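Asks: When you get a sec, could you give me coordinates for this:
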Amino acid sequence: MKLDVNRKLLARSDRVKSTDIHPTEPWMLVSLYNGNVHIWNYENQQLVKSFEVCDLPVRAAKFIPRKNWVVTGSDDMQIRIFNYNTLERVHQFDAHSDYLRSIAVHPTQPFVITSSDDMMVKLWDWDNKWQLKQTFEGHTHYVMQLVINPKDNNTFATASLDKTIKVWQFGSNTPNFTLEGHEKGVNCIDYYHGGDKPYLISGADDRLVKIWDYHNKTCVATLDSHAHNVSAVCFHPELPIIITGSEDSTIRIWHSNTYRLETTLNYGLERVWCITALKGSNTIAIGYDDGSVTIKLGREEPAVSMDSSGKILWAKHSEMQQANLKTLDQATLDAAQDGERLALTVKDMGACEIYPQTLQHSSNGRFVVACGDGEYIVYTAMALRNKAFGSCLEFVWSTDPSVYAVRESSTSIAVFKNFKEVNKIKPDIIMSGIDGGPLLSARSSSSLCFFDWETQSLIRRIEITAKHVYWSENGELVAIAGEDSFFILRYNAEAVANASPDDATIDGIEDSFEVIGEQNECVKTGIWVGDCFIFTTSTNRINYYVGGEIVTIAHSFRALYLLGYVHKDNRIYLCDKDHNIISYKLLLSVLEYQTAVMRRDFDLADKLLNKIPKDQRTRVAHFLEKQGFKKQALAVSVDAEHRFELALNLGELDTAYELAKQAQSDEKWKQLSQAANLKSNLLLAAECMGRARDYSGLLVLASSSGSPHLMNKLATDAHSANEDNISFFAHLLTGNIEECLNVLIENDRLPEAAFFAHTYCPSKVPLVVSQWREKASRSLAGVSQKNIGESLADPIKYENLFPGFEESTRGDSYLQQLMKIPVPASQRQQTITERNLIAEMQAAIDNGDLTFDDEGNAILNGVSEVRISNEPDVRSPARVAEEGIQKAEETDKIPYIKPVSRPTTPSASASSNSHLEHIENDHEDDEEEEEEDEDETPANQPSGAKAKPDLLPASGSRPDIVRGGRPADPIPAKSESAWSDDDDFMDPASDAASNRTGQDDINLDDLEFDEAEQD
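Replies: Purely as a prediction, here's the structure:
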């Protein structure tokens, strides 16, 4: 019998007296001789829970999952119940007058049964406050174990050191009968779980294991391989095996039908004390002297097969059962939800002579083969009549239903036709498995060989470690599944047919296969539908592969195994380990369309597209995108998110713009603005940045386009949105030093504010220093330290520490007046390193162009201010950006920008307010004049108004003051071209050459690029 043994957990501990397995969680419960209880996760090898029950051995512990309890019995003769989630002790009571040996939990009733060294068995009801309902007496020695009959929950059996086994019934104080046969005390018992045999198994100190027929009350078999006392026995609830454990430190596994010893396990943990198996699982828990082990036996994949018409056959132990999908009407299928169990009528087909590990239909569905226990039996699919049988390790069908092959050994394959052996194949590899299909394949640990069914010649040898081979229906494609990945190959039957003997090498015909792709997915089961490979993974996902793309159909919380695809139902059918049939809808039209695209049959694909429902179009669009057909994907997709991404990738900005308007997402507007910038579509980029309120992008746009109006709005909006870095920089670029200082003060960054004021506006230094000093003193209130604020010097009180402070204050006032006169973007402004502000101020005073009033405010005499309109041109990016901001606010229905509270201290806030009042009082006249100037432009000045000279800084130490109203010539730019967003912009008068030729400098809005240049 092929039996894989995989160790899941080995946990060293004190002596383990009992084990249990949780039915839904991957937990193993162990009770220890030192009085502790541990709960291990055998999947990740972690200790989940640990708690102390008492300071004496805990000989029995069981899960009660429906109550989230653990019930324990210990040598202090008490039963304790714990909540295994909170570890809270729920109840505790005296149960027996001697050590407790065993506990059993009733599967349906609120009952717990206990056995003890006091020779009694007791029944407890937890719904009635753990009331004792019945006591069973009859044994004359310790009662070592009890177990409830899984086929009749009203009866149970007990094993005792009085050398007997007794079977009891609830409600009766005397045993139904007694089984005698062991020469020494009986330590353990278990019931057979299958419905075909009324068997009990027992193990005793006479080193024997006995199997009993409790109907005939006779011993049917004795197993005598152990060298010491047998301490644990178990009929596996799923597999046809018996597991026994002994004080000789070994675990022995026997075939439950033939009683042949299959394997022996020894983990070096000394004596075995307990074995637990879980119904519905292949997991086994074993307790030893030095720890515990969890193993997984065999595979949990059910023995099940479905033919092309929808008939499903499976083996439940040795019982064969059948269900037919044709019994489901179309309305039931249409109403069925994906992943829900289908209600099918199950028909019993009788017992199989062997224990089937695999079932497999022939290609036409007429025959089905059961393989297991080293044998195979071919049945007719309709009535399960025996057609052929024999010995084998593995059985596979050819695409021809009359041809099959069996693996006789690791070096030999027998080929049969019409149930007669026709040939043998002896590959030069040590085979670990074979697969059928159009070609016969043999697998080894390092290679995969394909053979022709008729000639038995080698077609191709591939150096790969394969687990399974899946062929498509037409025999053109093949999937080779490995441990962690799978490969898709195309089979060239024409090249094989035309190959000469000289073309065949030691590795076969080189052109016979072509690698199509590789995917890093672990395939558990798989089928082909057209050119689509549907498979389940080790992470319980249901996927399909087509054209290099993997599409996830569904995620499952349990392992599912593929049965097949029924075309007329548009559904794939799967089975779980409990033989529940589940289906998922997968439209055939989608698969056919994807197959047509893969074959480059676009005419057929266009016809099939009309059959695909709209809710499946996006899935098709993703597939087209993966194949490189992005324009077609854009036309097919109905998902706005997907269409937006495709439009950006294709450069179709108009489509992306319409989708962004529908979504009204800031993120989409940002993405579109970036794409528009790459395409040099500045107007679209500007609108998108405005709609997205992309303050960083708007800062770049406002500074590059020279738009003071946009820059001022950006400074205000960013400040209200708490984007103070951008607000500060925008104010700085517009020369609004006072607002820059206020931003720093409001954010309580007084040290930076002080240094900023010292550099850019010395007149504000006393204000900031006073606030800084007050904050420092307040932060050290009650602390016996020197006040740091006392070391901060005020320029007004300590003039000797600030030489030239008064002069710099006057220069500050003079500069503020100069800043009120904007300079056109077409003129180059001097940098601070190229100017000497104090020298300029002194020259202006000497010339009578500058005076100061009694409060020290600068007054420019006879100077006209050249005003540049703050309003951006209609077609400029700045104007479009402002419109975008306005549209965003209209979409929100309320203004986006709202005042936000800032963390300012009360004193700082008061000082800031007094500072603003001081500024208003000192400069009230100047602000009124400034407001009047902002409302006027040179175009609407009265003709009789007195013109003032323009004031523009020039090189040298003297301000460039020009009388008579003519502005000074600007310093020419170093580059040959000037940039502007103003449609009415003309070259400066100094550019005489271009004016004569009529060639103006470059205007941003005049730039037009065709699509090729943009790419």
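Asks: Show me what whichever strand or helix holds Y404 packs onto, helices and strands only.
Replies: Using DSSP states H and E, Y404 falls within strand 403-407. Other elements packing on strand 403-407 under the criterion 3 or more CB pairs under 8 Å, 6 or more residues apart in numbering; DSSP states H and E are strand 394-397, strand 413-417, strand 433-435. The way it works is simple: take the backbone N, C-alpha and C, and place the C-beta from them, glycine included.
Asks: Columns distance to F802, mean neighbour count and mean pLDDT on top of the ones you listed, output as CSV?
Replies: Converted to CSV, those look like this (distance: least, CB to CB, whole Å; neighbours: other CB atoms under 10 Å; pLDDT from 0 to 100):
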stretch, distance to F802, mean neighbour count, mean pLDDT
strand 394-397, 97, 22, 94
strand 413-417, 102, 19, 95
strand 433-435, 92, 21, 94
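Asks: CA atoms only for stretch 809-817 - export them in CSV, please.
Replies: Extracted C-alpha coordinates of stretch 809-817, given in CSV (Å, rounded to 0.1, in the frame of the first residue of the first chain):
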residue,chain,number,x,y,z
THR,A,809,15.3,99.2,9.0
ARG,A,810,15.0,102.1,6.7
GLY,A,811,16.3,99.9,3.9
ASP,A,812,13.6,97.4,4.7
SER,A,813,10.9,100.2,4.3
TYR,A,814,12.5,101.3,1.1
LEU,A,815,12.5,97.7,-0.3
GLN,A,816,8.9,97.3,0.6
GLN,A,817,8.0,100.3,-1.5
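Asks: what ranges do the helices span in the stretch 751-900 of the chain?
Replies: 765-779, 805-819, 837-846, 877-892 (DSSP state H, counting those that start in this stretch).
Asks: which residues of the stretch 801-950 of the chain score low on pLDDT?
Replies: For the stretch 801-950 of the chain, residues meeting the criterion pLDDT under 70 lie at 822-826, 829, 831-832, 862-879, 882, 885-886, 888-950.
Asks: quick one: least confident helix or strand in the protein?
Replies: Scoring the helices and strands of the chain by mean pLDDT, DSSP states H and E places strand 951-952 at the bottom, with a mean of 33.
Asks: Look up the closest residue to I242, ignoring the ones flanking it.
Replies: W254 (4.3 Å; CB to CB, 6 or more residues apart in numbering).
Asks: tell me the contacts of that neighbour?
Replies: Contacts for W254 (CB atoms under 8 Å, 6 or more residues apart in numbering) come out as 223, 241-244, 260-262.
Asks: so where is this protein shaky, pLDDT-wise?
Replies: Ranges of the chain meeting pLDDT under 70: 1-2, 779-789, 822-826, 829, 831-832, 862-879, 882, 885-886, 888-1015.
Asks: follow-up on the earlier one: strands paired with the strand holding Y404, and their directions?
Replies: Partner strands and pairing direction for strand 403-407 (DSSP bridges) are strand 394-397 (antiparallel), strand 413-417 (antiparallel).
Asks: Make a markdown table from those and add distance to E340 to it.
Replies: Shown next, in a markdown table, are the strands paired with strand 403-407 (distance: least, CB to CB, whole Å):
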| stretch | distance to E340 |
| --- | --- |
| strand 394-397 | 32 |
| strand 413-417 | 41 |
